[in-house]
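>>> Model the following, please.
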Amino acid sequence: MAAEEYQRIADAVAAEIADGRLRPGDRLPTQRAFARSRRIADSTATRVYRELARRGLTVGEVGRGTYVRAAQHAPGPALAEPPAPGALHVNLELNYPVVPEQAALLATGLTPLLRPDTLEAALRPTGPAGTDAARDAAAVLLAGTGLRTEPDLVRFAGNGRQAMAGALACLVPPGERLGVESLTYPMVKGIAARLGITLVPLATDEQGLRPDAVRAAHRAAPLRALYLQPTLHNPLGVTMPAERRGELAALLEELDLWAVEDAIWGFLKQEDGPGAGPEGSPGARPGAAGPPLATLAPDRTFLVDSLSKRLAPGLTIGLAVAPPAYTDRLAAALRSGGWTATGFALEASTRWMTDGSLERIVAAKRRDAAARQALVREQLAGFSVHADPGSYFAWWELPAPWRAEMFLAAAARRGIAVTPAAAFAVAAEGAQGTGPAPNAVRLALASPPPALLSQALATLAALAHGSPDDSLPE
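Predicted structure coming up:
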């Protein structure tokens with residue numbers, strides 16, 4: 001009877017959690033108080049709490065009590081077709097870097113915000129300029145990427161995409177032309193379409209955007225600005241060397257062009273510090289990026305960054321730095337677009353930037369990305385895969401006779417979602433749809449647990465070794 005009773009009561013509490021009467025983070029009564037309220041024995045209450053924990057519905061914290069646990073989200077990929085029975089469920093489309101220690105570190109930083117006085121201040125509205133503390137913290141953060149800027153030049157958005165939209169709205173009027181790498185971050189295409197901006201695809205090589213392609217496009221019809229990713233280009237993983245950055249900086253001045261520099265993935269690529277010698281010398285870090293374009297062409301470059309990849313996608317801040325003469329114009333664009341940061345997210349992020357939490361999480365994510373790239377090298381050995389050894393994505397040129405669309409569908413039947421090259425391709429002016437795309441896919445490595453990632457990569461390798469006919473469902 002006792003066993004049936006504790007299970008029945010646990011079922012009732014589970015129902016309260018399922019229908020929202022008990023929400024994640026709610027504290028349950030002490031076991032003694034729970035027993036009194038339900039008119040059951042203390043021993044039965046103990047078994048109820050143990051059963052709730054076994055089901056993953058609650059978590060106990062020593063000295064604090066028992067709390068309703070946050071719901072676990074299924075990592076289901078956005079598949080083009082349903083996977084076969086028994087297939088994996090792995091999302092290699094989206095990159096959400098999460099390391100085991102980050103939740104505990106972030107929770108520690110949030111503790112001071114739970115006091116009524118600090119919470120009241122954090123819940124007040126804020127503008128694009130944020131707070132003095134936020135600007136100071138952001139300037140220190142950006143200095144770690146190689147950009148030395150005055151704190152008063154930093155402006156804040158809700159996320160990196162919004163910071164990007166604000167910069168483009170500030171620089172490129174509707175109907176004018178924006179030069180972009182021929183394979184580019186897909187969200188830029190959507191932002192440009194909403195702002196009425198015409199995208200012009202520009203050729204790249206193994207060092208990134210080609211200056212001669214910029215010059216030729218501008219000669220054909222004037223460009224207003226460039227959008228580019230000099231460090232850890234998404235999807236190609238290319239990091240532009242310092243010499244190429246210098247060429248582009250000089251070209252901006254020569255052609256009277258602006259640039260929007262996307263530095264969002266740059267935190268994974270450590271910069272050379274002052275006094276660093278040539279690569280291989282004691283003062284240099286192998287594979288370090290060159291200086292930001294915003295350092296080489298500070299009067300012609302808007303730099304955008306974000307904390308979502310560094311921290312977590314659910315609570316983030318976008319950063320933007322414009323030349324001094326354009327700071328107010330950038331702020332106005334962020335306000336008019338409704339792209340400003342919320343006060344709570346800004347306050348929380350400021351604390352994480354200043355208490356060491358962000359620095360420790362970034363270090364952990366650098367190690368995590370390197371470990372995941374090692375899995376790519378192991379499982380996809382022999383294939384044409386291009387990736388920076390410290391990044392969270394890989395560009396895979398598929399072997400014949402595979403085509404990207406066929407491979408996408410075959411992977412989906414095995415429960416694995418990947419992104420085809422067409423998602424990144426930019427159409428030439430006047431063309432419909434996307435531009436010509438290589439026969440390749442991008443693999444986003446950050447989201448699955450490492451063991452599941454390794455299994456998915458092995459499955460994809462076996463698929464690529466076969467033929468498209470072998471992958472068709474019977």
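>>> Run through the protein and note the low-pLDDT ranges.
For the chain, applying pLDDT under 70 flags the ranges 1-3, 61-63, 71-87, 270-288, 429-435, 469-474.
>>> please redo it, this time with the cut-off set to 80
1-4, 61-64, 70-88, 270-289, 313-314, 428-436, 469-474 (pLDDT under 80).
>>> Centroid-nearest residue for this structure?
Nearest to the mean C-alpha position of the chain, by C-alpha atoms, centre = their mean, lies K309 at 3.8 Å.
>>> Endpoints of stretch 105-116, how far apart?
With C-alpha to C-alpha, to the nearest Å as the measure, stretch 105-116 spans 21 Å from end to end.
>>> Okay, buried residues for that stretch please.
By neighbour count on 16 or more other C-beta atoms under 10 Å, the buried set for stretch 105-116 is 105-106, 109. Quick note: C-beta positions are derived from backbone N, CA and C, even for glycine.
>>> Redo those residues as CSV? Include distance to R54 and secondary structure.
Below are the buried residues of stretch 105-116 laid out as CSV (distance: C-beta to C-beta, whole Å; DSSP: H, G, I helix; E, B strand; the rest coil):
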residue, distance to R54, secondary structure
L105, 28, helix
L106, 27, helix
G109, 31, helix
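>>> Quick check: Y67 is in a strand.
Yes: assignment of Y67 by DSSP: H, G, I helix; E, B strand; the rest coil places it within a strand.
>>> That one touches L22, doesn't it?
No: in this structure, Y67 is not within contact of L22 by C-beta atoms under 8 Å, at 9.8 Å.
>>> Please identify which of these two sits among more neighbours.
Shown here are Y67 and L22; by other C-beta atoms under 10 Å, L22 has more neighbours (19 against 16).
>>> Where does that one sit, in terms of helix or strand?
Counting by DSSP states H and E, no helix or strand carries L22.
>>> Also V214?
Counting by DSSP H and E, V214 is part of helix 211-220.
>>> how about that helix as CSV, C-alpha atoms only?
Extracted C-alpha coordinates of helix 211-220, given in CSV (Å, rounded to 0.1, in the frame of the first residue of the first chain):
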residue,chain,number,x,y,z
PRO,A,211,40.8,42.7,-53.1
ASP,A,212,40.7,42.5,-56.9
ALA,A,213,37.1,41.2,-56.7
VAL,A,214,36.1,44.2,-54.6
ARG,A,215,37.7,46.6,-57.0
ALA,A,216,36.1,44.9,-60.0
ALA,A,217,32.6,44.9,-58.5
HIS,A,218,32.9,48.6,-57.4
ARG,A,219,34.1,49.5,-60.9
ALA,A,220,31.1,47.8,-62.4
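>>> got the buried residues for it?
Buried residues in helix 211-220 (16+ other C-beta under 10 Å): 211, 213-214, 217-218.
>>> what's the closest of those residues to L202?
The shortest approach to L202 among those belongs to A213, at 4.4 Å (C-beta to C-beta).
>>> who's in contact with that closest one?
Counting by C-beta atoms under 8 Å, 6 or more residues apart in numbering, A213 touches 202-204.
>>> Count the residues that sit near V418.
Neighbours of V418 using other C-beta under 10 Å come to 22.
>>> If you could redo that for T126, that was the one I meant.
That count, for T126 with other C-beta under 10 Å as the rule, works out to 18.
>>> ok, it - contacts?
Counting by C-beta under 8 Å, 6+ apart, T126 has contacts 156, 340-343, 346.
>>> And the helices in the stretch 1-150 of the chain?
For the stretch 1-150 of the chain, the helices defined by DSSP state H, counting those that start in this stretch cover 2-18, 31-38, 42-54, 102-110, 116-122, 132-143.
>>> what does the third one contact?
This means helix 42-54. Applying C-beta under 8 Å, 6+ apart, the contact partners of helix 42-54 are 2-3, 5-7, 9-10, 13-14, 28, 31-32, 34-35, 38, 40, 58-60, 66.
>>> just the CA coordinates of it, formatted as CSV?
Extracted C-alpha coordinates of helix 42-54, given in CSV (Å, rounded to 0.1, in the frame of the first residue of the first chain):
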residue,chain,number,x,y,z
ASP,A,42,7.7,11.4,6.7
SER,A,43,9.1,8.1,5.2
THR,A,44,6.5,8.2,2.4
ALA,A,45,7.4,11.9,1.6
THR,A,46,11.0,10.8,1.4
ARG,A,47,10.1,8.1,-1.2
VAL,A,48,8.0,10.6,-3.2
TYR,A,49,11.0,13.1,-3.4
ARG,A,50,13.3,10.2,-4.3
GLU,A,51,10.9,9.1,-7.1
LEU,A,52,10.6,12.7,-8.5
ALA,A,53,14.4,12.9,-8.6
ARG,A,54,14.6,9.5,-10.3
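>>> Just the buried positions in that helix, please.
Those would be 44-45, 47-49, 51-52, for helix 42-54 by 16+ other C-beta under 10 Å.
>>> again with the second one
Burial within helix 31-38, assessed by neighbour count using 16+ other C-beta under 10 Å, is assigned to 31, 34-35, 38.
>>> Now do it against helix 2-18, angle only.
Compare the direction of helix 31-38 with that of helix 2-18 by axes from the mean of the first three to the mean of the last three C-alpha atoms, to 10 degrees and you get 90 degrees.
>>> And helix 31-38, how far out from the chain middle?
45 Å (C-alpha atoms, centre = their mean, to the nearest Å).
>>> between it and helix 42-54, how many degrees?
110 degrees.
>>> what does the host helix or strand of A374 contact?
Using DSSP H and E, A374 falls within helix 357-379. Under the contact criterion C-beta under 8 Å, 6+ apart, helix 357-379 has outside partners 97, 99, 101-102, 105-106, 108-109, 141, 267-268, 270, 307, 309-311, 351-352, 385, 387-392, 394, 443, 445-446, 450, 453-454, 457-458, 460-461.
>>> hang on, the earlier thing: just the buried ones from the contacts of helix 42-54?
Buried members of the contacts of helix 42-54, counted by 16+ other C-beta under 10 Å: 6, 9-10, 13-14, 28, 31, 34-35, 38, 40, 58, 66.
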